[in-house]
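> pasting a predicted model and its sequence here:
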Amino acid sequence: MTKVNEGVFFIQGQDEFLPDSHVYVIGDPASNDLSVIDVGLTGKGSYKIQSIKKMGIELGAIKRIIMTHTHLDHIGCLSEIQKAIPGVELWVHRLEAEPLESGDDRGVYGMNEFKGMCQMQYGLKADAFKFKVDRKLEDGDKLDMGGMNWEVIHIPGHSMGGIALYHSSLKILIPGDVIYADYAIGRFDLYGADADQLKKSLYRLVELDVDMLLPGHNQIVKSLPPDYVMKTAKMWEPYLV
Ligand SMILES: [Zn+2]
Ligand SMILES: [Zn+2]
């Protein structure tokens, strides 16, 4: 785990034959009110817990897990993390919280063929992705956590209830899989995806002042060129119909 800014820590995903999402830990460690953003792929929980401990952070200081979205590579190891941090809350956008609570895992696996493969690979039971959600997030929610203020921005298109977390004075954006470094964007062919919504979401992000881009995979970018999001949106627009 590395510190990328005051109150923002980064744990790199460990991709294998499936990707494992990055994890961010946000909040001032002295506040005892930390949040973990995404957890990663099934089986990828323990190194993240070790990595958090190595930074000298008490697991009890972690009060909540916030999901940018609930694809398997982001939520796969949730039960491992919950076991390691008893009582930790789960916050998810309403549109992905409701399926999680009812055990509808179409959005977790993204496609049926993949579901069977993953269940076999990881020995996952049919109800592996049924979770109680403590807070259902909505667009515009202001989250005052760990001595920092983050805003929830609903950016559907890669998934139904995808969100970004945005810190306006630090100009930090955590967009999940909607936009990455190198002018890449998230795929829009899985269950719950929608190309037109993804286009609108990218243009919504254009309005934000972003210096630091902390996506769900690949490189993080510490000083983003000012026109980066606009260029990315323009580049992809012809494909997002
Ligand atoms: Zn995703
Ligand atoms: Zn992902």
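Ah, there it is. Bear in mind the structure is a predicted one, so any value in this text is a computation, not a measurement. Ligands and ions are numbered 1, 2, ... in the order given.

> by mean pLDDT, flag the weakest helix or strand of the protein.
helix 112-122 (a mean of 92; mean pLDDT, DSSP states H and E).

> may I see the buried residues of that helix?
With burial defined by 16 or more other CB atoms under 10 Å, the residues of helix 112-122 counted as buried are Lys115, Cys118. Quick note: C-beta positions are derived from backbone N, CA and C, even for glycine.

> who's in contact with it?
Applying CB atoms under 8 Å, 6 or more residues apart in numbering, the external contacts of helix 112-122 come out as Leu18, Thr42, Gly43, Leu72, Gly76, Asp105, Tyr109, Leu124, Lys125, Ala126, Ala128.

> close to ligand 2, is that helix?
No - Helix 112-122 lies apart from ligand 2 when judged by CB under 5 Å from the ion; the minimum separation is 13.0 Å.

> from now on call the first residue 782
Okay, residue one is now 782; in that scheme the one you just asked about reads as helix 893-903.

> quick check: next helix or strand after that helix?
strand 916-918 (DSSP states H and E).

> packing partners of whichever helix or strand comes after that following strand?
Counting by DSSP H and E, the next helix or strand C-terminal to strand 916-918 is strand 923-926. Secondary-structure packing of strand 923-926 (3 or more CB pairs under 8 Å, 6 or more residues apart in numbering; DSSP states H and E): strand 843-847, strand 929-935.

> against ligand 2, how distant is the most centrally placed residue in the chain?
Central residue of the chain (CA atoms, centre = their mean): Thr849, 3.1 Å from the mean position. Thr849 is 8 Å from ligand 2, where distance means CB to the ion, to the nearest Å.

> residue contacts, that residue?
Shown in contact with Thr849 (CB under 8 Å, 6+ apart): Ile818, Asp819, His855, Gly943, Ile944, Ala945, Leu946, Ile955, Pro956, Gly957, Asp958, Gly997.

> and the fourth one, what are its phi and psi?
Put plainly, it is Gly943. phi -70, psi 140 (degrees, to the nearest 10).

> once you drop chain neighbours, what's closest to it?
Distances taken as CB to CB, 6 or more residues apart in numbering place His850 nearest to Gly943, at 4.2 Å, with adjacent residues excluded.
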